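# 3D, please:
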Amino acid sequence: MASVELACERTSLLYAHYADTKNLVAMARLFAEDAIWQTTTGRYEGRAQIEAQLKSGSGQVTMRHVITNHLVFTDSEGNLSGKAYFTLYLAHPGADDLADQPIMMGTYEDTYTMQGELCLFSSRASSATFRQSTR
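Below is the predicted model of the structure:
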C-alpha cells in the first residue's frame, strides 16, 4: 500500500504546484470525472465544473501553497483518504513585500480513487483555520 499512499500524496503536492504555476488544466485533471471540490468559497461538482471554476479565478495574483503534515489512510475496505495542512501566500501585481502574510492556513480533507497508477481526488474539501482579508 505504500506506493498507493505515495501516489496520493504526490497528487496533493501536484495540486499545489499546478495552482501556483497556473497550470489549471493539469490541476483539473487531478480530479476524477465525478469529483467534488469544496473550497472556502463554494462547491463544484464534476471535473468540467471544477476546471471552469479554476479558469474563472486565475487572475494576475501570484500565489504559493505550502503543504505540510500530509497523511494518507487506507481503511479495511481499501478506501483511500487523506489530510494535509496548507499555508497560502498571495502577491498582487506590483507588490514587493509579504505584508500581512500568510493570508490563510487551513486543512485539506481528501478522498481518493485509483485509476491505474494514478491517484485522483474523489473529493477535496478545504477549510480555513486562520484567515485574513486580502487587499
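# for the helix or strand hosting V72, packing partners?
Here V72, judged by DSSP states H and E, is contained in strand 62-74. The contact analysis (3 or more C-beta pairs under 8 Å, 6 or more residues apart in numbering; DSSP states H and E) places strand 62-74 against helix 2-21, strand 80-91. The C-beta positions use only the backbone N, C-alpha and C, and glycine is treated the same way.
# Strand partners (parallel or antiparallel) of the shortest one?
Okay, so that is strand 80-91. Note on strand 80-91: by DSSP bridges, its sheet partners are strand 62-74 (antiparallel), strand 104-115 (antiparallel).
# Just the CA atoms from the longest one would do, formatted as PDB, please.
Think strand 62-74. This file holds the C-alpha atoms of strand 62-74, laid out as PDB (Å, rounded to 0.1, in the frame of the first residue of the first chain):
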ATOM      1  CA  THR A  62       0.800  35.200  -7.700                       C
ATOM      2  CA  MET A  63       0.200  32.500  -5.100                       C
ATOM      3  CA  ARG A  64       2.300  29.900  -3.300                       C
ATOM      4  CA  HIS A  65       0.900  27.000  -1.400                       C
ATOM      5  CA  VAL A  66       2.900  25.300   1.300                       C
ATOM      6  CA  ILE A  67       1.600  21.800   2.100                       C
ATOM      7  CA  THR A  68       2.700  20.000   5.300                       C
ATOM      8  CA  ASN A  69       1.800  17.100   7.600                       C
ATOM      9  CA  HIS A  70       0.400  15.100   4.700                       C
ATOM     10  CA  LEU A  71      -1.100  11.700   5.700                       C
ATOM     11  CA  VAL A  72      -2.900   9.200   3.500                       C
ATOM     12  CA  PHE A  73      -5.000   6.400   5.100                       C
ATOM     13  CA  THR A  74      -6.300   3.100   3.700                       C
END
